[in-house]
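Engineer: just a sequence and a predicted model for now, questions to come.
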Amino acid sequence: MTLLEHRLSPPSTAATAATAATSVSIAAALNAALRDALAVDPNVVVFGEDVGPLGGVFRVTDSLSAEFGESRVWDSPLAESGIVGTAIGMAMYGLRPVIEMQFDAFSYPAFEQITSHLAKMANRTRGRVTLPIVIRIPYAGGIGGVEHHSDSSEVYWTHTPGLTVVTPSNPADAYSMLREAIESDDPVIFLEPKSRYWAKESLTLPTSTASMLKAQVIREGTDVSLLAYGPTVKTALQAADLGATEGISIEVIDLRSLSPFDDETVGASVRKTSRAAVVHEAAQFGGYGAEVAARISERHFYYLSAPVLRIAGFDIPYPSPKLEEFYLPTAERILAALDTWEW
């Protein structure tokens, strides 16, 4: 057993015991990860808006307050800046807070606390003060939410040195990556794709997948490397199925870690296929795909047979629920983009 596997394995007397494989959703996997982390480490605390008795808007913290008490899991005031500031103070005194921003755009009032203090404290103190804080942020669209409830805010955090930014796309990764994030001594922005909360797979918990900092090739291909993360991984896999009917072999990579970026895994794939495209829900201009395209072009230019493509949301504020199906990238849009290349 590796050190990470040992740390992720809950004690049989306290945390969830391993059971036979069952159908588990991402929301349920996150709930199990929080439960096991709370059971293993008395320094772990969970708080945020409505995460207590209600169990959170998406029920990710369901029953945790009743099980561990209001001293470990509690409702905060409706003040995101205060939530993060409080967590910073708690972490400086030895606790490991896991806090929730109820929706993606709700995190903006805490922007100053996150970028000016949370991300900089270790560097400011030459490593003497670490802040082991996880900020859970449900993000992206696909649920029929209005504005302020469907933002893809990842680039704000990836542009901030000092933050680790990760996002799972499936239940197994949701459990394993959240446990690893809570164990990290560095602050982690944990982005949860809200449209995928109810996606299920057969799973035995607890489970340990690859390091949260490593990208994963989840479908082998030979013609193009399609990079996706969070909610667009499913879309990328659909595009790979559609591409196969048109004779295009698409390799799909789940990036998982947005910062730091796994250049090794992505580079190996691009050198093999000689073509790359990245898909995300956020607006294209200045989006995360621009950084990915630049890194690939700078490092692997002489392997490329065509420019790196970006398939993204449009450069507009997130639309009303009736229009989001036209805004979000689809498998058909991905294939249409690939058709712009000369093969």
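Structural biologist: Yep, that arrived. These numbers were taken from a predicted model, which means no experiment stands behind them. Numbers count the residues shown, from 1 in each chain.

Engineer: shaky segments in this structure?
Structural biologist: For the chain, the stretches flagged by pLDDT under 70 are 1-19.

Engineer: at 90 instead, please
Structural biologist: For the chain, applying pLDDT under 90 flags the ranges 1-21, 146-148, 342-343.

Engineer: outline the domain layout of it.
Structural biologist: 3-203, 216-338 (automatic domain parsing).

Engineer: redo the ones you listed as TSV? Include distance to residue 209.
Structural biologist: For the C-beta atoms, the positions are set from N, CA and C on the backbone; glycine is no exception. As requested, these are arranged in TSV below (distance: least, CB to CB, whole Å):
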stretch	distance to residue 209
domain 3-203	4
domain 216-338	8
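
Engineer: just send these back as CSV, with mean neighbour count too.
Structural biologist: What follows is these, written out as CSV (neighbours: other CB atoms under 10 Å):
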stretch, mean neighbour count
domain 3-203, 19
domain 216-338, 19
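
Engineer: just the helices from the stretch 51-200 of the chain, written as ranges.
Structural biologist: 64-68, 80-92, 111-112, 121-124, 154-158, 171-183 (DSSP state H, counting those that start in this stretch).

Engineer: can you list those helices in TSV and add distance to residue 261?
Structural biologist: Formatted as TSV, the helices of the stretch 51-200 of the chain follow (distance: least, CB to CB, whole Å):
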stretch	distance to residue 261
helix 64-68	33
helix 80-92	25
helix 111-112	22
helix 121-124	20
helix 154-158	8
helix 171-183	16
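
Engineer: same for the lengthiest strand in the chain, what does it pack against?
Structural biologist: Scanning the chain for the strand with the most residues, using DSSP state E, yields strand 276-283. Secondary structure elements in contact with strand 276-283, counted by 3 or more CB pairs under 8 Å, 6 or more residues apart in numbering; DSSP states H and E, are helix 154-158, strand 224-228, helix 232-245, helix 263-273, helix 288-300, strand 309-313, helix 331-338.

Engineer: what's the closest of these to residue 31?
Structural biologist: Among these, helix 232-245 comes nearest to residue 31, with 21.0 Å by CB to CB.

Engineer: determine how far the helix or strand just after the closest one lies from the middle of the whole chain.
Structural biologist: Next helix or strand after helix 232-245 toward the C-terminus (DSSP states H and E): strand 250-254. For strand 250-254, the distance between its averaged C-alpha position and the chain's averaged C-alpha position is 17 Å (CA atoms, centre = their mean, to the nearest Å).

Engineer: which residues touch the very next helix or strand once past strand 250-254?
Structural biologist: Taking DSSP H and E as the definition, the helix or strand that follows strand 250-254 towards the C-terminus is strand 257-259. Taking contacts as CB atoms under 8 Å, 6 or more residues apart in numbering, the residues outside strand 257-259 that touch it are 154, 157-158, 163-167, 191, 212-215, 229, 288.

Engineer: now stretch 25-33
Structural biologist: Contacts made with stretch 25-33 from outside it, assessed by CB under 8 Å, 6+ apart, are listed as 16, 24, 58-64, 136, 168, 170-172, 174-176, 178-179, 182, 192-193, 196-200, 203, 205-206.

Engineer: please narrow those residues to those residing in strands.
Structural biologist: Filtering these for strands - DSSP E - leaves 24, 136, 192, 193, 200, 203.

Engineer: tell me how far residue 98 lies from residue 150.
Structural biologist: Summarising the geometry, the distance separating residue 98 from residue 150, computed by CB to CB, to the nearest Å, is 23 Å.

Engineer: list the contacts for the residue lying closest to residue 55 once chain neighbours are set aside?
Structural biologist: If you skip the residues right next to it in sequence, residue 55 has residue 62 as its closest partner in space, 3.3 Å away by CB to CB, 6 or more residues apart in numbering. The contact partners of residue 62, by CB under 8 Å, 6+ apart, come to 31, 55, 56.

Engineer: many thanks, we can stop here.
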